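*Asks:* predicted model and sequence follow; I will ask about them next.
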Amino acid sequence: MPIRCEIVSQDRLVWEGDADIVNIPGSDGDMGILPNHAPLLSTMRYGIINVRTGGATPIARFLERRGEGIHHVCFEVDDLDAALERFRNAGLNVTGGEGSARQEERAGAEGSRIAFIHPRSTGGVLIELRETGGGKR
């Protein structure tokens, strides 16, 4: 169930088609627009618009398998390394960051560091941890 999407500049149609998810740079941070979510009005800021098609996104696969519901919840933390250590010590599966120096973390939006707790450890909901600044680098 894709989103019908038209990306229009001030003088022409830039792209038109069906999308599974559209990520846009909003004035309050990046936003992901998904099928069947509540309409949202926001001003945009300069940046890259990312349109994913073909049903290959992780969120599209999640929706196909499980239907509508919560995909993930994000918590902001002051110290990502300390939070990850607490979760590992509690026996939770820390995941995420392919290609990062440490497989558990990766770069997030707006210079943040992020990591994830696998849904198998949390009753089916992916947990994102986000450190925005002031933590260890």
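*Replies:* In hand now; what should we look at? Numbering: from 1, shown residues only.
*Asks:* any low-confidence regions in this protein?
*Replies:* 38-41, 55-60, 63, 67-69, 96-106, 109, 133-137 (pLDDT under 70).
*Asks:* switch the cut-off to 80
*Replies:* Applying pLDDT under 80 to the chain flags the ranges 1-2, 8-10, 20-21, 26-45, 47-48, 52-72, 95-111, 132-137.
*Asks:* all helices of it, in order?
*Replies:* With helices called from DSSP state H, the chain shows them at 58-66, 80-89.
*Asks:* and the ones you listed, which is most packed in?
*Replies:* helix 80-89 (a mean of 16; mean count of other C-beta atoms under 10 Å). C-betas here are computed from N, CA, C, even on glycine.
*Asks:* packing partners for that helix?
*Replies:* Packing partners of helix 80-89 (3 or more C-beta pairs under 8 Å, 6 or more residues apart in numbering; DSSP states H and E): strand 94-95, strand 113-117, strand 126-131.
*Asks:* re the thing from before, the helices of the chain: which one's closest to residue 115?
*Replies:* Between residue 115 and those, the tightest spacing by C-beta to C-beta is seen for helix 80-89, at 5.7 Å.
*Asks:* tabulate the CA atom coordinates of that closest one in CSV.
*Replies:* C-alpha atoms of helix 80-89 as CSV (Å, rounded to 0.1, in the frame of the first residue of the first chain):
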residue,chain,number,x,y,z
LEU,A,80,24.9,6.3,24.8
ASP,A,81,27.8,4.1,25.9
ALA,A,82,26.6,3.9,29.4
ALA,A,83,23.0,3.2,28.3
LEU,A,84,24.2,0.4,26.0
GLU,A,85,26.3,-1.1,28.8
ARG,A,86,23.2,-1.1,31.1
PHE,A,87,21.1,-2.9,28.4
ARG,A,88,23.8,-5.5,27.6
ASN,A,89,24.2,-6.2,31.4
